[in-house]
Structure formats: structure tokens, C-alpha cells
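Visitor: Show me the folded form of this:
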Amino acid sequence: MSRETYPLKVNGEDHEVTVEPDEPLLWVLRDHLRLTGAKYGCGEGRCGACMVMIDGTARHSCRVAIASVGDGHVETIEGLGVNGGLSPLQEAFKQHTAFGCGFCTPGQIVTATALLRSEPNPDRNRIIRAMNGNLCRCAAYPNILAAIESVADKTSGKDGS
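Guide: I've put the predicted structure just below:
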């Protein structure tokens, strides 16, 4: 295959990258744009460590070829802060100690942000279903759930991020 140049909008900023069409978005973000929040976990879209949002939908960036992003807007953990600080959900993860080693945390927060933007006040079962594809080797699941629920309770109609 030959390398091609792709326009890419990430966290509100326009970029151009020259890569192979099948280059995973994860590697473009990490290697070309130096956005290292999304992590390589399994490479198969099963662990959630690489989660980003494309047009508001949580996606496994390890499984998305750069050529398929098109004119979609990509949001990474680096773009979720508010006015240079943490988003309410990021703050809740901190307050609830919703992390162990922190490796999965960016993917957890991105997935939960996508959920709360589309469904501001999900019940516990809905949160669990939405987060099901995000693994935490440290087993911080009760704290992750508590953090998400605390923000969901406060948003009731806001964007949750």
C-alpha cells in the first residue's frame, strides 16, 4: 500500500497525517500526534484501553483505520477537560479513587463520557452495560461505577462531560 495524506480533526484541532490507509487511529494519535492517553491494550477491541470518541460515539481506536475516519471529529481523553481543568467526570474518578494503576482510566472516562452525553441520567444497569467492554485489571469497578453514578445524578439533562 502507499502512504496517503489524511485530514484529521482531533479535540477541535485540524491535523494532517501521511500514513498507510489501514493505519489504526490509535497509532496515528500516539505516534504522529503525540496524544498518548489512549493506550494499546489488546489490539482487538476487547479491553477498552484505546477508547476515543468519533462524532460522539465511543470507539476502539485500535480497530479504526485512519482511512475510515473521514471528516469525523475525534475526541481523546486529552480533549475532555474543561477550561484547562478536569471535567466533572474526571474529577469524580479522582474523588472516588476510580482507578488502580490508571492504565485503563482514559478509556473508562471516554466511554462513560460518551454514555452520559447520549443518556445524561442512566440507571445502574445501563451504566454497567455501557462500560462492559472496558476492562480494569485492578478491579476498581465499584469505584468506577460510583464515580459515573455521581456525575449522572448531577447532570440530569447536561452533557455529563
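Visitor: Pretty sure residue 153 sits against residue 121.
Guide: Yes - with contact defined as CB atoms under 8 Å, residue 153 counts as touching residue 121 (7.3 Å). C-beta here means a position set from N, CA and C on the backbone, and glycine is covered the same way.
Visitor: Those two: who's more crowded?
Guide: residue 121 (16 against 9; other CB atoms under 10 Å).
Visitor: Local confidence estimate at the closest residue to residue 41 other than its chain neighbours?
Guide: Nearest non-adjacent residue to residue 41, counting by CB to CB, 6 or more residues apart in numbering: residue 49, 3.3 Å away. With respect to pLDDT, residue 49 has a value of 97.
Visitor: my guess is residue 49 meets residue 43, correct?
Guide: No - using CB under 8 Å, residue 49 makes no contact with residue 43, being 9.8 Å away.
Visitor: And these two? Which one has more around it.
Guide: residue 49 (25 against 14).
Visitor: which ones are touching that one?
Guide: Residues in contact with residue 49 (CB atoms under 8 Å, 6 or more residues apart in numbering) are 38-42, 103-104, 106-107, 134-135.
Visitor: Kindly recompute the last result at 6 Å.
Guide: 39, 41, 104, 107 (CB atoms under 6 Å, 6 or more residues apart in numbering).
Visitor: What residue spans form the domains of this structure?
Guide: For the chain, the structural domains run 4-79, 88-155, going by automatic domain parsing.
Visitor: What is the burial count for residue 51?
Guide: Neighbours of residue 51 (other CB under 10 Å): 31.
Visitor: hang on, it packs against residue 106?
Guide: No - with contact defined as CB atoms under 6 Å, residue 51 does not count as touching residue 106 (7.4 Å).
Visitor: Now name the helix or strand holding residue 90.
Guide: Using DSSP states H and E, residue 90 maps to helix 88-95.
Visitor: Next secondary structure after that helix?
Guide: helix 105-118.
Visitor: Give me the residue at the spatial middle of this structure.
Guide: Centroid check for the chain by CA atoms, centre = their mean gives residue 110 as the closest residue, at 2.8 Å.
Visitor: Name the nearest residue to that residue, sequence neighbours excluded.
Guide: That would be residue 51: by CB to CB, 6+ apart, it lies 4.3 Å from residue 110.
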